[in-house]
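Participant: Need coordinates for the following:
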Amino acid sequence: MDSPPADRIHAAHAALFGSKDMDAIGDFFADDYVAHVTGRDMTGGHAFLRRFLGMLHGAFFDLEVEVQILLEGEHRIAWQRTLKGTHTGAFLGFPPSGRQLVWRDMATTRFQDGLIAEDWTISDLAERLLLASKRPSA
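Facilitator: The predicted structure follows:
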């Protein structure tokens, strides 16, 4: 591995969220990347990532991400990220709310040959989207 996992996680977030550089996906993720999210396996490697990140950036044009490393090993790392953005586009079946949302993801990542091969992630994004979609009671 060219650099420690923590450095790779930070660099991936800077490229994919900060610069919105979708061409950088191959620099950080294995071709057969799999995301394990709440009991579902999201396969499709780079194509899946390109679609998901495109939807995320389309729904939250001003997305900001802060990453905190929790525990680092040679080939695995545990980390969390806090994301903040204005919900201006439809996402995961939720219409735009126009509200600023803040949510957290917790992840464990496995590296193989210096690339992210798998992520196991839990997120409170669905809860935040649901709360944002509800109108305040009169």
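
Participant: what packs against the longest helix along the chain?
Facilitator: For the chain, the helix with the greatest residue count under DSSP state H is helix 45-59. Applying 3 or more Cβ pairs under 8 Å, 6 or more residues apart in numbering; DSSP states H and E, we find helix 45-59 packed against helix 25-28, strand 29-37. Backbone N, C-alpha and C define where each C-beta goes, glycine included.

Participant: let's see 10 Å
Facilitator: Other elements packing on helix 45-59 under the criterion 3 or more Cβ pairs under 10 Å, 6 or more residues apart in numbering; DSSP states H and E are helix 25-28, strand 29-37, strand 40-42, strand 76-86.

Participant: so where's this structure uncertain?
Facilitator: Within the chain, the ranges that satisfy pLDDT under 70 run 1, 135-138.

Participant: repeat that with 80
Facilitator: Applying pLDDT under 80 to the chain picks out residues 1-2, 39, 135-138.

Participant: Can you show me the CA trace of the lengthiest strand in it as PDB?
Facilitator: Across the chain, the longest stretch assigned as strand under DSSP state E is strand 100-112. Listed next in PDB are the C-alpha coordinates belonging to strand 100-112 (Å, rounded to 0.1, in the frame of the first residue of the first chain):
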ATOM      1  CA  GLN A 100     -30.100  21.800   5.400                       C
ATOM      2  CA  LEU A 101     -29.500  18.300   6.600                       C
ATOM      3  CA  VAL A 102     -26.700  17.000   8.800                       C
ATOM      4  CA  TRP A 103     -26.200  13.200   9.000                       C
ATOM      5  CA  ARG A 104     -23.500  10.800  10.100                       C
ATOM      6  CA  ASP A 105     -22.100   7.600   8.500                       C
ATOM      7  CA  MET A 106     -20.000   5.100  10.500                       C
ATOM      8  CA  ALA A 107     -17.900   2.800   8.300                       C
ATOM      9  CA  THR A 108     -15.400   0.000   8.400                       C
ATOM     10  CA  THR A 109     -13.300  -0.200   5.300                       C
ATOM     11  CA  ARG A 110     -11.200  -3.100   4.000                       C
ATOM     12  CA  PHE A 111      -8.300  -2.400   1.600                       C
ATOM     13  CA  GLN A 112      -6.800  -4.800  -0.900                       C
END
